[in-house]
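Student: Quick check, what structure comes out for this input:
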Amino acid sequence: MGRRTDFELAGTRALVTGAGSGIGRAIAVELARKGTRVLAVDIHGDTAEKTALACSEVGPGAHGLACDVADLAAVHRLADTVAGEHGPLDVLVNNAGVGMSGRLHDMTIDDWRWIRSVNLDGVVHCCHTFGPALVEQGHGHVVNVASALGYTMRATEPAYVSTKAAVLALSQCLRADWDESGVGVTAVCPGLINTPMVEAARFVGDDGEMAGKAGRVFRRGHPPELVARDVIVAIRVNKAVARSRVGGEARVVGAPVPAGAAPAAHRPPSAVSAVATRPPVAPGGGARRRPHPAARSRSRGLVATAPHGLAGGGRDRFWRIVLWRSWLDRPFGTATAST
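Tutor: The predicted model follows:
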């Protein structure tokens, strides 16, 4: 059957985790504007209630609920409350997440378990708990908030990158599994977003300088409301991965790569959206295209191959993104404020 691509949000019910601030709050409010009854969930009940109040001011009734998504028993209790007091869900948004920056040898196993329990296990807990009902009713949509750093390998963010890459992979697997039942699944990969998440992040092996630099950079990030708007579009048209419009640092994966472009492992991650604009040349469809000569950024020794077929402004934009990445990749621990 497959999920329809004209999902109507008015009159639906959505549960949003991590809704107390940042991207989660922005998504909850934007859903309310579209006529959705929102259940705003956060580990802090007071912030969840504040988001619910904001949702009620722009849309139908909303409710704030407290839950630690890392605790499976707590998620089960949340599901019982939702079923008993509110009714079935139509949309599930798994946004709750935490940040951590630091090299593997500087973190403890408890650090690893902490970030994994929220960023990955929290998504699994909610999908496992609420997903079967969506599949059984034959319609609905799940949004899992990953990060652009989910496919940007960085020495200083192994834990954050790994958990967000896993969320991206899980989302693609669930989409393949649930699509025929009428349930869509979208992975959202935001870039540099101005949210309070960086303030609560862990910076292991840091004397305070790295945290200060990260805070200053993310305060200049894009507003979370832009991500929320892209999420609404993704739900309506059933996108596999949300194409964020918040700048070159928010990339899209999963699209075909043009013939002649370097393999993804050898391209700067921010080039993914740039090269994913043209389908591959069919066998026998013409002479093989030569890739653009490689260019090296002196500041970082960054090597990138511009795909042939990006003409004019598209090619210029590609190189601007590459140079932007050479600046962003300066080591100051930036993996913490995407969600």
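Student: In the longest helix belonging to the chain, which residues are buried?
Tutor: Using DSSP state H, we find that the single longest helix of the chain is helix 158-178. Neighbour-count burial for helix 158-178 flags 158-168, 170-172, 174-175, 178 (criterion: 16 or more other Cβ atoms under 10 Å). Any C-beta I mention is one placed from the backbone N, CA and C, and that applies to glycine too.
Student: Strands along the stretch 1-150 of the chain, start to end?
Tutor: Assignment of strands within the stretch 1-150 of the chain using DSSP state E, counting those that start in this stretch yields the ranges 13-16, 37-42, 63-66, 91-94, 100-101, 140-145.
Student: Direction included, what does the fifth one pair up with?
Tutor: Next to strand 100-101 in the sheet, as set by DSSP bridges, lie strand 202-203 (parallel).
Student: Give me the next element, helix or strand, following the strand it pairs with.
Tutor: Sequence-wise, the next helix or strand downstream of strand 202-203 (DSSP states H and E) is helix 209-218.
Student: in the stretch 201-339 of the chain, which ranges drop under the pLDDT threshold?
Tutor: 207, 217, 243-339 (pLDDT under 70).
Student: The longest helix of the chain - what's its average pLDDT?
Tutor: The pLDDT scores in helix 158-178 average 97.
Student: next SSE after that helix?
Tutor: The helix or strand immediately downstream of helix 158-178 is strand 183-188, counting by DSSP H and E.
Student: what about the nearest residue in space to Met107 that is not next to it in sequence, how many neighbours?
Tutor: Closest residue to Met107 apart from its sequence neighbours, by Cβ to Cβ, 6 or more residues apart in numbering: Val204 at 4.6 Å. Other residues near Val204 come to 18 when the count uses other Cβ atoms under 10 Å.
Student: doesn't Met100 make contact with Val204?
Tutor: Yes - counting by Cβ atoms under 8 Å, Val204 touches Met100, with 6.7 Å between them.
Student: Give the residues shared as contacts by these two.
Tutor: When contacts are counted by Cβ atoms under 8 Å, 6 or more residues apart in numbering, the set common to Val204 and Met100 consists of Met107, Asp111.
Student: just checking, which of the strands of the stretch 1-150 of the chain sits deepest inside the structure?
Tutor: Using mean count of other Cβ atoms under 10 Å, the stretch among the strands of the stretch 1-150 of the chain with the greatest mean number of neighbours is strand 37-42 (a mean of 29).
Student: Now do that one: which elements does it pack against?
Tutor: In terms of contacts (3 or more Cβ pairs under 8 Å, 6 or more residues apart in numbering; DSSP states H and E), strand 37-42 is packed against strand 13-16, helix 22-33, helix 45-58, strand 63-66.
Student: and the angle from it to helix 22-33?
Tutor: What separates the directions of strand 37-42 and helix 22-33 is an angle of 170 degrees, with axes from the mean of the first three to the mean of the last three Cα atoms, to 10 degrees.
Student: Walk me through the domains of the protein.
Tutor: Annotated domains of the chain cover 13-242, 264-328 [automatic domain parsing].
Student: Any chance of TSV for those, columns distance to Asp6?
Tutor: Shown next, in TSV, are those (distance: least, Cβ to Cβ, whole Å):
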stretch	distance to Asp6
domain 13-242	7
domain 264-328	24
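Student: Of those, which stretch is the most buried?
Tutor: Per-stretch averages of neighbours, counted by mean count of other Cβ under 10 Å, single out domain 13-242 among the domains of the chain, with a mean of 20.
Student: What separates the first and last residues of that one, distance-wise?
Tutor: With Cα to Cα, to the nearest Å as the measure, domain 13-242 spans 21 Å from end to end.
Student: ditto for stretch 74-93
Tutor: Rule used - Cα to Cα; the end-to-end distance of stretch 74-93 is 17 Å.
Student: Give me the average confidence score over that stretch.
Tutor: For stretch 74-93, mean pLDDT rounds to 98.
Student: Export the strands of the stretch 1-150 of the chain as CSV, with columns for distance to Val123.
Tutor: Listed next are the strands of the stretch 1-150 of the chain as CSV, based on distance: least, Cβ to Cβ, whole Å:
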stretch, distance to Val123
strand 13-16, 13
strand 37-42, 13
strand 63-66, 17
strand 91-94, 5
strand 100-101, 16
strand 140-145, 5
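Student: rank those by pLDDT, which is bottom?
Tutor: When I compare these, strand 100-101 is least confident, with a mean of 91.
Student: Could you find the closest non-adjacent residue to Gly22?
Tutor: Residue nearest to Gly22 in three dimensions, not counting chain neighbours: Thr195, with 3.2 Å by Cβ to Cβ, 6+ apart.
Student: Tell me how far the one you found lies from His222.
Tutor: Computed as Cβ to Cβ, to the nearest Å, the Thr195 to His222 distance reads 10 Å.
Student: can you check Ala14 too?
Tutor: To His222, Ala14 is 23 Å away according to Cβ to Cβ.
Student: Might you report the residue contacts of Pro122?
Tutor: Careful, residue 122 is Gly; it's not Pro. By Cβ under 8 Å, 6+ apart, Gly122 lies in contact with Thr17, Val69, Ala70, Asn94, Ala96, Gly97.
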